[in-house]
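Participant: predicted model follows, preceded by the sequence.
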Amino acid sequence: MPTKLMLIFVGMDLLFAGCGGLLLGFSLTSEQRLRETPTIDNVTQNLLLGQCPLTGGVVNSIFIFATFLLSLPALFLPTNRGWLRTQGWLVMFCAIFTLGLGLAVWVETLQTRAALGLIWTRETPLIQSLLQQKFNCCGYFNATSPPFQQDGTCINTLVAAQKGGCIAAVSSFSNRYLDLIFTAAFGIVGVDIILVLLVAMVLQYRQEQERYRHIDEKNGLGGL
């Protein structure tokens, strides 16, 4: 009969694998979105996703799935501790990997305005125009620095000057969007840490069971 500890351990192990699936799905979906034709609806998200470590997310998810597969022998071998130790170290590696990805995105939020200014200047007039239409603004800092793109939103210099630059609206949207991404990454790290603690608890439990078994064998109760 499985103990409560083992049931919790199995559930958290499955959640760990689910986090890998979430990470893989987000990374692959984002890479697919980056290849889509830019529109008003996706232009800002695609600019931000282009700055995220999506390839690292795919690699990280592969390590998570590999770790989950290596944990299966530990589940089906109730007295084994070697596979559990291996799993514990691999989960720690995955946690550090995911933490690195989350920190990379978090650092982006600390320098949003400067980074987006550089991104804006190297983007095509089409992308700049789509951003202007999405946020109802003209230019990045203002209508002249860098120069606005003339479109349905920024009809002329006078209208552009009245609407102001896109810096505030784009930065605010970017911070909210990136906050969701790195918060999700840190949440996955939290799952990893809980799983590491459970691995340690299961190791301790199995070690105690092994010690009790040796005591029973010495007392001649090994057959009971």
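Facilitator: Received the coordinates, thanks.
Participant: quick check: the most centrally placed residue in the chain vs residue 100, distance?
Facilitator: The geometric centre of the chain, computed from its C-alpha atoms, lies nearest to residue 185 (CA atoms, centre = their mean), at 3.5 Å. As judged by CB to CB, to the nearest Å, residue 185 and residue 100 stand 9 Å apart. C-beta: built from backbone N, CA, C; applies to glycine.
Participant: the helices in this protein, which residues?
Facilitator: If you assign secondary structure with DSSP state H, the helices in the chain sit at 4-34, 43-49, 54-76, 82-110, 112-122, 125-135, 157-163, 167-218.
Participant: residue 141 is nearest to which of those helices?
Facilitator: Distances from residue 141 to each of these were compared by CB to CB, and the smallest falls on helix 167-218, at 5.6 Å.
Participant: low-confidence bits of the chain, can you list those?
Facilitator: The model of the chain has pLDDT under 70 over residues 1-2, 212-224.
Participant: one more time with 50
Facilitator: Residues of the chain meeting the criterion pLDDT under 50: 1, 222-224.
Participant: for the helices of the chain, give me JSON lines that also has distance to residue 147.
Facilitator: As requested, the helices of the chain are arranged in JSON lines below (distance: least, CB to CB, whole Å):
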{"stretch": "helix 4-34", "distance to residue 147": "26"}
{"stretch": "helix 43-49", "distance to residue 147": "19"}
{"stretch": "helix 54-76", "distance to residue 147": "32"}
{"stretch": "helix 82-110", "distance to residue 147": "26"}
{"stretch": "helix 112-122", "distance to residue 147": "10"}
{"stretch": "helix 125-135", "distance to residue 147": "9"}
{"stretch": "helix 157-163", "distance to residue 147": "9"}
{"stretch": "helix 167-218", "distance to residue 147": "14"}
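Participant: shouldn't residue 68 be in contact with residue 18?
Facilitator: No. Distance between residue 68 and residue 18: 9.5 Å, which falls outside the contact criterion (CB atoms under 8 Å).
Participant: of the two, which one has the most company?
Facilitator: Comparing residue 68 with residue 18 by other CB atoms under 10 Å, the one with more neighbours is residue 68, at 22 against 14.
Participant: for that one, what are its contacts?
Facilitator: 13, 16, 17, 20 (CB atoms under 8 Å, 6 or more residues apart in numbering).
Participant: quick check: the third one touching residue 61?
Facilitator: No. Between residue 17 and residue 61 there is no contact under CB under 8 Å: 9.8 Å.
Participant: compare those two (neighbour count), which wins?
Facilitator: Neighbour totals were compared for residue 17 and residue 61, and residue 61 leads with 25 against 17 (other CB under 10 Å).
Participant: mind listing what the more buried one touches?
Facilitator: Counting by CB under 8 Å, 6+ apart, residue 61 touches 20, 21, 23, 24, 27.
Participant: make a markdown table out of those residues and add distance to residue 191 and neighbour count.
Facilitator: Conversion of those to a markdown table gives the following (distance: CB to CB, whole Å; neighbours: other CB atoms under 10 Å):
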| residue | distance to residue 191 | neighbour count |
| --- | --- | --- |
| 20 | 10 | 22 |
| 21 | 12 | 13 |
| 23 | 11 | 25 |
| 24 | 15 | 18 |
| 27 | 17 | 22 |
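Participant: out of the residues you listed, which is nearest to residue 171?
Facilitator: Relative to residue 171, and with distances defined as CB to CB, the nearest of the contacts of residue 61 is residue 27, at 24.6 Å.
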